[in-house]
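S.K.: here you go, sequence then predicted model.
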Amino acid sequence: MHTYCITGGCGFIGSNFVRYLLNKYGSNITIINVDCLTYAGNPLNLKDIWDEPRYFFRKIDICDKSALKKLFKEFDINYIVNFAAESHVDRSIQNPEAFVSTNITGTYTLLETARQSWETEQGFLPERKFIQISTDEVYGSLGKTGCFTENSPLAPRSPYSASKASADLLVKAYSDTYNLPVNITRCSNNYGPYQFPEKLIPLVINNCLNGSELPVYGDGKNIRDWLYVEDHCGAIDLVINKGLPGEVYNIGGQCEKQNIEIIKAVIRIISGLLPDSKNIGEVLIKYVNDRKGHDRRYAIDSSKIRKELGWYPQTGFEEGILETVKWYLDNRDWLLDVTSGQYNEYYKQMYKGK
Ligand code: NAD
Ligand code: TYD
């Protein structure tokens, strides 16, 4: 009976991962969702899970040392899976401070709490691991060819990616110095249900539904490597169970697309699903000023996790993007709650004092 501490479990990937774990392991595991509910944390992302007996929520900031210490006394935690982060590059350009605080200090605080709680005179307790959810953005920007491997140098270029790379170095330091069992995963751009509509795909879907302009940064030819969130969850599960301590694993969908291709695909799918909506079309596309320091291309070589852990993505882009668009169309209440800010109201209903 393992106990998972999932930080950032009310965010996009974290909530998908909590659901993935419960579907796979059911009542054989305990999940503690640690989230301080920033603008990106939405209790509604886990509404179907609030009443699960083995699911607990704690409203804690990962920078809060004493709250984390108390948590580790309350629960006998086996795995920390650290999703909690400030995650949007545009926000990091506007206001980097929260990124330094949560992504760097927060990761350090979690690492130090884990070290103090898990260390004994005989070494670390068995069946313990710290899994840091990182990003391909720590490797910087690629030219027309090549892929990031786990040995590519860290060369982050935005305040977001610099804060994530700093966190990775702290995780590595805890492994090298104290032998803390850790893994770092570096994934490419995720897409799927429950993503906050500030990121490209849900933003385009939401704006199409509202008949608003679809902002394309620069020439629209920047490339991202897209990964369906469910496939990402499967990879993290494998890394927790089979990943060798101290190792880094890249996770990518082998699915490179220019931003403009993504935007046109979403328009095509929505127009097909909503044939009566005459004002959804490529006329909504608007080229706008480029993002400052906009990374040109990301591409991930995930042969290590494929060969060593037997992972491969199961969802092709056409299938994944169709499922994703359908989900947002079927969950317009969720979109409305998020865009109106209403979702913050649901905290008390979720918590229920458990
Ligand atoms: P998200 O922004 O949707 O969710 C982040 C969650 O963390 C929110 O629930 C928020 O309330 C919580 N949080 C933020 N600061 C916190 C703090 N100080 N204490 C406790 N909780 C806090 O993010 P996401 O897209 O789900 O990303 C999850 C992780 O995956 C992040 O670490 C991100 O860097 C990484 N990642 C994401 C992508 C992607 O495409 N979304 C790609 C690569 C890596
Ligand atoms: P985003 O979803 O913010 O993820 P990231 O910056 O972490 O890759 O952006 C994906 C790509 O889409 C990125 O190249 C920036 C671009 N983009 C736009 O062109 N328009 C937009 O409105 C947004 C949000 C992003």
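M.R.: Perfect, thanks for sending it. Ligands and ions are numbered 1, 2, ... in the order given.

S.K.: show me the beta-bridge partners of whatever residue of the stretch 151-300 of the chain ends up closest to ligand 1.
M.R.: Nearest residue of the stretch 151-300 of the chain to ligand 1: N190, at 3.7 Å (CB to the nearest ligand atom). Glycine gets a C-beta too; all of them are placed from N, C-alpha and C. N190 forms beta bridges with L227, as assigned by DSSP bridges.

S.K.: near ligand 1, which residues of this structure show up?
M.R.: Applying CB under 6 Å from any ligand atom, we find that the chain lies next to ligand 1 at 7-8, 10-14, 35-38, 40-41, 61-63, 83-87, 102, 106, 133, 135, 164, 187, 189-190, 196.

S.K.: so of these, which ones are in strands?
M.R.: T7, I133, T135, C187, N189, N190 (DSSP state E).

S.K.: please tell me how far I6 sits from D48.
M.R.: Applying CB to CB, to the nearest Å, the value for I6 to D48 is 16 Å.

S.K.: which of the two has more neighbours?
M.R.: Under the criterion of other CB atoms under 10 Å, the comparison of I6 against D48 puts I6 first, with 26 against 10.

S.K.: and the helices in the stretch 51-200 of the chain?
M.R.: If DSSP state H, counting those that start in this stretch is used as the criterion, the helices of the stretch 51-200 of the chain fall at 65-74, 89-94, 97-99, 107-118, 159-178, 200-210.

S.K.: which other residues reach the third one?
M.R.: Helix 97-99 is contacted by residues T38, E86, R91, S92, P159, Y160, S163 when judged by CB atoms under 8 Å, 6 or more residues apart in numbering.

S.K.: hmm, that helix in reach of ligand 2?
M.R.: No: on the criterion CB under 6 Å from any ligand atom, helix 97-99 is out of touch with ligand 2, staying 12.5 Å away.

S.K.: contact partners for V89?
M.R.: Per CB under 8 Å, 6+ apart, neighbours of V89: E137, S158, Y160, S161, R291.

S.K.: pull out the buried residues from these.
M.R.: Among these, those classed as buried by 16 or more other CB atoms under 10 Å are E137, S158, Y160, S161.

S.K.: between these, which is nearest G341?
M.R.: Y160 (22.8 Å; CB to CB).

S.K.: isn't that closest one up against Q94?
M.R.: No: look at Y160 against Q94 with CB atoms under 8 Å: they stay out of range, at 11.0 Å.

S.K.: for the two, list the residues in contact with both.
M.R.: With CB under 8 Å, 6+ apart as the test, Y160 and Q94 reach no residue in common.

S.K.: for whichever residue of the chain sits closest to ligand 1, give me phi and psi.
M.R.: Proximity of the chain to ligand 1 (CB to the nearest ligand atom) peaks at G11, 2.0 Å away. G11 adopts backbone torsions of phi -90, psi -170, taken as degrees, to the nearest 10.

S.K.: just to revisit the earlier point, restrict the residues of the chain next to ligand 1 to those near ligand 2?
M.R.: When contact is defined as CB under 6 Å from any ligand atom, those meet ligand 2 at N189.

S.K.: filter the residues of the chain next to ligand 1 down to the buried ones, ChimeraX style.
M.R.: Those of those that count as buried under 16+ other CB under 10 Å are selected in ChimeraX with:
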select :7,8,10,11,12,13,14,35,36,37,38,40,41,61,62,63,83,84,85,86,87,102,106,133,135,164,187,189,190,196
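
S.K.: circling back to that earlier point, and which of the buried ones among the contacts of V89 is nearest ligand 2?
M.R.: E137 (6.2 Å).

S.K.: and the pLDDT at the closest residue to that closest one other than its chain neighbours?
M.R.: Spatially, and ignoring its direct neighbours in sequence, E137 is nearest to S161 (3.8 Å; CB to CB, 6 or more residues apart in numbering). At S161, the model reports a pLDDT of 98.

S.K.: list the contacts for S161?
M.R.: S161 sits in contact with V89, T135, E137, V138, G140, D295, where contact means CB under 8 Å, 6+ apart.

S.K.: which of those residues lies closest to N78?
M.R.: T135 (24.5 Å).

S.K.: pretty sure the closest one contacts C187?
M.R.: Yes: contact criterion CB under 8 Å: T135 and C187 qualify, at 6.5 Å.

S.K.: tell me the residues on the stretch 251-354 of the chain that lie near ligand 2, please.
M.R.: Residues of the stretch 251-354 of the chain lying close to ligand 2 by CB under 6 Å from any ligand atom are N259, R291.

S.K.: can you pull out the helices in the stretch 251-354 of the chain?
M.R.: 259-273, 303-309, 317-330, 332-340, 347-351.

S.K.: identify whichever of those helices lies nearest to I31.
M.R.: Using CB to CB, the nearest of these to I31 is helix 347-351, at 13.3 Å.

S.K.: quick one: mean pLDDT over the closest one.
M.R.: Averaging pLDDT along helix 347-351 gives 67.

S.K.: try stretch 231-240
M.R.: The pLDDT scores in stretch 231-240 average 98.

S.K.: residues contacting it, please?
M.R.: If you take CB under 8 Å, 6+ apart as the criterion, stretch 231-240 is touched by 13, 16-17, 20-21, 24, 79, 81, 129, 131, 133, 183, 185, 187, 190, 249, 251, 253, 305, 309-311, 313-315.

S.K.: tell me the contacts of E137?
M.R.: Per CB under 8 Å, 6+ apart, neighbours of E137: V89, P156, S158, Y160, S161, K164, D295, Y298.

S.K.: can you tell me which of these is nearest D225?
M.R.: Checking the contacts of E137 against D225 by CB to CB gives Y298 as the nearest, at 5.4 Å.
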